[in-house]
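Engineer: only geometry, no sequence info:
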């Protein structure tokens, strides 16, 4: 007979194997359920897109598995205020290289003031704001005046070269915010859903400059005040680090949604011919809501 100690070891090993097989089986089942749910989500989003009167570029990514749902990811869209994401990144990149002082104070000129979103257009001429204050206003309030002051500070060539260094091949900056005369001449800023996704994922993975810079960018995006697209149908208090874009015929939102069952990246860029942006906003909100539901269903 085997010694009692040996029998005990065999018994414990058998128990361990049984537990491992049990866990493996459960994990495999869970993976299959998740894959089936992801496929169902893809079909639901495809159906939603078929009812949208316009064009859309879309990237949705589960940030744990890397699974994606994409539609026209590389299609060029006028970027509108999504351009403010790489402008922000370029400012922090310049600061890390010693080419920009975030504490430097910039004086507001009347010629800087731009219409549309933001509060700086109401400030008195000569008001002084630091570069980091301008970045915060540009992102959290989508302030067009702040964006234009930063564009003038760094200039178009610097920013476009910086975009390339960030790995953005197609995202460009050719005109200031709200410069509709240039827009009518065909001068436009462009980006793609894939490239907005790429820069957001850099922030999320803490791969932009360093962890602190990445977290700073995410923190600013998380304090976005315009919440009528991605967050619109989500439960109150759901953390969303995102940036919107809106011009005539253009409506976007790109960001990261954080949930207790996992985080997902969602970029939806649209062009349309509706009288208002309301249908496009509703479309983006519905796509975000459908995706959010994947993370609260029982397969998680």
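Structural biologist: Perfect, thanks for sending it. Here the structure is a predicted model, which is why all the values come from computation and not from measurement.

Engineer: point to the residue nearest the middle of this protein.
Structural biologist: residue 255 (2.5 Å; C-alpha atoms, centre = their mean).

Engineer: now it: which helix or strand?
Structural biologist: strand 250-259 (DSSP states H and E).

Engineer: kindly report the same for residue 215.
Structural biologist: helix 211-222.

Engineer: and that helix, what's buried?
Structural biologist: 213, 214, 216, 217, 218, 220, 221, 222 (16 or more other C-beta atoms under 10 Å). For every residue, glycine as well, the C-beta is placed using N, CA and C.

Engineer: for it, packing partners?
Structural biologist: Helices and strands touching helix 211-222, by 3 or more C-beta pairs under 8 Å, 6 or more residues apart in numbering; DSSP states H and E, are helix 84-96, helix 131-140, helix 193-204, strand 240-247, strand 250-259.

Engineer: quick one: the first one to chain centroid distance?
Structural biologist: Spelled out, it's helix 84-96. Distance of helix 84-96 from the chain centroid (C-alpha atoms, centre = their mean, to the nearest Å) equals 15 Å.

Engineer: now do the helix or strand that it is followed by: which elements does it pack against?
Structural biologist: Following helix 84-96 in sequence order, the next helix or strand is strand 105-107 (DSSP H and E). Packed against strand 105-107 by the contact rule (3+ C-beta pairs under 8 Å, 6+ apart) you find strand 128-130.

Engineer: what mean pLDDT does the strand it packs on get?
Structural biologist: Strand 128-130 comes out with an average pLDDT of 98.

Engineer: related to what we said a few turns ago, where's the nearest residue to the residue nearest to the centre of the chain once chain neighbours are set aside relative to residue 167, distance?
Structural biologist: Nearest residue to residue 255 in three dimensions, chain neighbours excluded: residue 242, at 2.3 Å (C-beta to C-beta, 6 or more residues apart in numbering). For residue 242, the distance to residue 167 equals 20 Å [C-beta to C-beta, to the nearest Å].

Engineer: looking at these two, which has the bigger crowd around it?
Structural biologist: residue 242 (25 against 11; other C-beta atoms under 10 Å).

Engineer: now residue 275, what's its secondary structure?
Structural biologist: With DSSP: H, G, I helix; E, B strand; the rest coil as the basis, residue 275 sits in coil.

Engineer: contact partners for residue 41?
Structural biologist: By C-beta atoms under 8 Å, 6 or more residues apart in numbering, residue 41 lies in contact with 69, 290, 291, 294.
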